[in-house]
Every structure is written in C-alpha cells, then in structure tokens.
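J.: here is my input, please return the structure:
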Amino acid sequence: MPERNEPVFDPLQPGAGEAIAPTGQGGPIDLAIEEAESLEKKLGDAPTGPGEKARSLWSDAWHQLRRNPVFVISSLMILFLVIISIWPQLIASGDPLQCDLSKSQQGSAPGHPFGYDTQGCDVYTRTVYGARASITVGVCATLGAALLGSVLGGLAGFFGGWGDSLLSRVADIFFGIPVVLGGLVFLSVVTSTTVWPVVGFIVLLGWPQIARIGRGSVITAKHNDYVQAARALGAGNGRMLLRHVAPNAIAPVIVVATIALGTYIALEATLSFLGVGLRPPTVSWGIDISNAASQIRNAPHMLLWPAGALSLTVLAFIMLGDAVRDALDPKLR
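T.: Below you'll find the predicted structure:
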C-alpha cells in the first residue's frame, strides 16, 4: 500500500511519468527506445499520406539508372561522341580532306598523334570527323525503324485480324533477306554519296524486328484490367491505344531500339568497308578501315585508330541498352 502523501503513478496520465524510462547505462532498454525512435522517424518520412503519389515505372527506372555505373559511363561516352560529331572542331583543328602524299603512312608526329594514312591525311582528324557519319546513320536509322515498326506492330497487335496476319507474313519476308547481301544488291545501284541511302536501307530491313516486339507488347498490354475497364467505360479505340496501351507497351521497344543503334553503326561500317555504303568524299570509319586493311602490316596505326573508335562507339550503345533493359524489366531487378 502506498503511503498517504506518495503520488500514485498513472501510465495513462500524460506527463505523470514514463512506463519505460532510459537507464543511461546503454542497456537493452536504451537500445529498444533508440530503435523505436528511429523507426518512428522513418515511418514519419515515408509517403503514407493519401496525397502522396507512388513512383511510376519511368521514375523508378530513372532512379535505378542514376545509380548504375554502366549507364553513367556509357552515357558520358555517348555524350562525348555526340558533341564531337556536331562540333568536331572542338578537338580537331585540321581538315580531314587535306592530304600530303610526302607523309604517306608515316607514324605519330607532333600535332598528329595518330600518324598519316596512305594518302597522307591526318588519321586523328579523320577519326574525329568520322564520328559524324556513323552517329548520324545510327540515330536516323534507329528513329526511322523504331517509328515505323512500333506504329505498324502496335496497330496490328491492337486490332488483330487480317491486318495482323498480313504484317506477320511481310515481316517474315524481310527476315529472310540476308542483311549484308541485301545491302550489296540494294546499295550497289545507288550513286549518292550522302548518308540517306544507307539510312533508308537500314530502316527497310530493321523495322520488322521492332514491329514484332511492339506487336507482342501491345497484345500483352491490351488484355490488362485497366484497358478492359476503360473499354467498359466507353473509351474509344484511339483513346485506349494512345492513353492506356502505348505508354505501357513502349518500354520493350525502347530497349530493343537502343541496342539496335549500336548494331546499325556497325552495319554502316561493314557496308562502307565493302564499298557499297558511304563513299568518298564522305569521311567514315568504315571507309578508313577499308583503305587501311591492305596496309595493316606496313602501317597498322591506319587501321587501329578508326577500328578502335568504332568498337568503343558500338560498345557504348550496347552498354546503354543493357542498362536500360535492366531498369525497365522488373524481372531483372
């Protein structure tokens, strides 16, 4: 029994006392109190309110990409390549078409670190300027193939019917055409020295792959519950396709297109090496590799520098595509 003048502890009365008080000795009671306070702070910072908005697929993917070193390194490499392809004068002050036969196949010299080619042209300047043609072909071909393939594949997958069957058979015909052989036949009759015939050929043979990916993604997305709910509420086909299906089916197309960009750059160099792609006076890595192939024993520097630049460019885009795939595919997280 408490004494008459001793206050009685009431755990429900605020300020009357503490049910568990810190001991100040670092014991298990103090640890439990610290863990409870830290947990309370974490829960207080979490977006649990009704006004908080959950992170979308794209914001979640960007959150992961920023912490992926592969994405950061490949993005910096691609940014550097894009800058020098637009403004090659930033790092190369010479003229890629200005040659001096008296310096033919000479090695590294002051102001010319990569040496000279067979015609006496500066290999360093031609390597820098060669990025413009390769990046232009890769970007334009990827945009064209992605746009054409995603539109045709998306419409075929959404509406189905005879249009879907016709697109599938036409795509099978293009899949049966060997890329290099088709390039030899198609580009051998073209006399233009610009990049657009090569871009058109790559788009012509590249859209079926993206169309098939887009078709399968749209077929999967259109059977989801939110699309069926929109249809039940009276939404038209155009609204469902643009507002509900396309945003949720575009991720695989972006992944495939990003990886294909590096492949298209390598394809342009292959066709230029065979003499049916880009032609002089256009400066291209494939043209320089073709000219240096016969002199690899006498002047290996003519081949190593443009081939190394081509390899690094293709590697950068493939690494970027792999990073984007890992971020957009929930199964790989």
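
J.: can you pull out the helices in the stretch 51-200 of the chain?
T.: Per DSSP state H, counting those that start in this stretch, the stretch 51-200 of the chain carries helices over the ranges 57-65, 69-86, 123-159, 161-175, 179-187, 196-222.

J.: and the average pLDDT for the first one is what?
T.: So the one you mean is helix 57-65. For helix 57-65, mean pLDDT is 79.

J.: put the alpha carbons of that helix into CSV.
T.: Provided in CSV are the C-alpha atoms of helix 57-65 (Å, rounded to 0.1, in the frame of the first residue of the first chain):
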residue,chain,number,x,y,z
LEU,A,57,7.7,2.8,-63.9
TRP,A,58,9.6,5.6,-65.6
SER,A,59,10.6,7.4,-62.5
ASP,A,60,11.5,4.2,-60.8
ALA,A,61,13.7,3.2,-63.8
TRP,A,62,15.4,6.7,-63.8
HIS,A,63,16.0,6.3,-60.1
GLN,A,64,17.8,3.0,-60.8
LEU,A,65,19.7,4.2,-63.8
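
J.: re the thing from before, make JSON lines out of the helices of the stretch 51-200 of the chain and add mean neighbour count and distance to Phe317.
T.: For the C-beta atoms, the positions are set from N, CA and C on the backbone; glycine is no exception. Formatted as JSON lines, the helices of the stretch 51-200 of the chain follow (neighbours: other C-beta atoms under 10 Å; distance: least, C-beta to C-beta, whole Å):
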{"stretch": "helix 57-65", "mean neighbour count": "14", "distance to Phe317": "15"}
{"stretch": "helix 69-86", "mean neighbour count": "15", "distance to Phe317": "7"}
{"stretch": "helix 123-159", "mean neighbour count": "22", "distance to Phe317": "7"}
{"stretch": "helix 161-175", "mean neighbour count": "13", "distance to Phe317": "23"}
{"stretch": "helix 179-187", "mean neighbour count": "15", "distance to Phe317": "18"}
{"stretch": "helix 196-222", "mean neighbour count": "21", "distance to Phe317": "14"}
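
J.: closest to Ile289 out of those helices?
T.: helix 123-159 (9.6 Å; C-beta to C-beta).

J.: what helices or strands is that closest one leaning on?
T.: helix 69-86, helix 161-175, helix 196-222, helix 246-273, helix 285-293, helix 301-328 (3 or more C-beta pairs under 8 Å, 6 or more residues apart in numbering; DSSP states H and E).

J.: picking that back up, do you know which of the helices of the stretch 51-200 of the chain lies nearest Leu241?
T.: Per C-beta to C-beta, nearest to Leu241 of the helices of the stretch 51-200 of the chain: helix 123-159, 5.5 Å.

J.: quick check: angle from the closest one to helix 301-328?
T.: 30 degrees (axes from the mean of the first three to the mean of the last three C-alpha atoms, to 10 degrees).

J.: okay, Ala292: pLDDT?
T.: 91.

J.: which residues are in contact with it?
T.: Asp117, Thr118, Ala299, Met302, Leu303, Pro306 (C-beta atoms under 8 Å, 6 or more residues apart in numbering).

J.: next, format the helices and strands packed on helix 123-159 as JSON lines and append distance to Ser59.
T.: JSON lines is the format used below for the helices and strands packed on helix 123-159 (distance: least, C-beta to C-beta, whole Å):
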{"stretch": "helix 69-86", "distance to Ser59": "15"}
{"stretch": "helix 161-175", "distance to Ser59": "33"}
{"stretch": "helix 196-222", "distance to Ser59": "19"}
{"stretch": "helix 246-273", "distance to Ser59": "13"}
{"stretch": "helix 285-293", "distance to Ser59": "37"}
{"stretch": "helix 301-328", "distance to Ser59": "11"}
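
J.: spit out the contact partners of the residue lying closest to Asn248 once chain neighbours are set aside.
T.: In space, and not counting its chain neighbours, Asn248 is closest to Ala221: 4.8 Å by C-beta to C-beta, 6 or more residues apart in numbering. With contacts defined as C-beta under 8 Å, 6+ apart, the neighbours of Ala221 are Val227, His244, Val245, Asn248, Ala249.

J.: 10 Å instead, please
T.: Applying C-beta atoms under 10 Å, 6 or more residues apart in numbering to Ala221 gives the contacts 154, 157-158, 227, 240-241, 244-250.

J.: just the C-alphas of stretch 233-246, formatted as CSV.
T.: Presented in CSV, the C-alpha positions along stretch 233-246 are these (Å, rounded to 0.1, in the frame of the first residue of the first chain):
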residue,chain,number,x,y,z
LEU,A,233,-16.4,2.9,-69.5
GLY,A,234,-16.9,3.6,-73.2
ALA,A,235,-13.4,4.7,-74.2
GLY,A,236,-12.8,4.5,-78.0
ASN,A,237,-10.0,2.5,-79.7
GLY,A,238,-7.9,5.6,-80.3
ARG,A,239,-8.0,6.7,-76.7
MET,A,240,-7.3,3.3,-75.3
LEU,A,241,-4.4,2.8,-77.7
LEU,A,242,-2.8,6.2,-77.0
ARG,A,243,-3.6,6.7,-73.4
HIS,A,244,-3.5,3.2,-71.9
VAL,A,245,-1.8,0.7,-74.2
ALA,A,246,1.0,2.6,-75.8
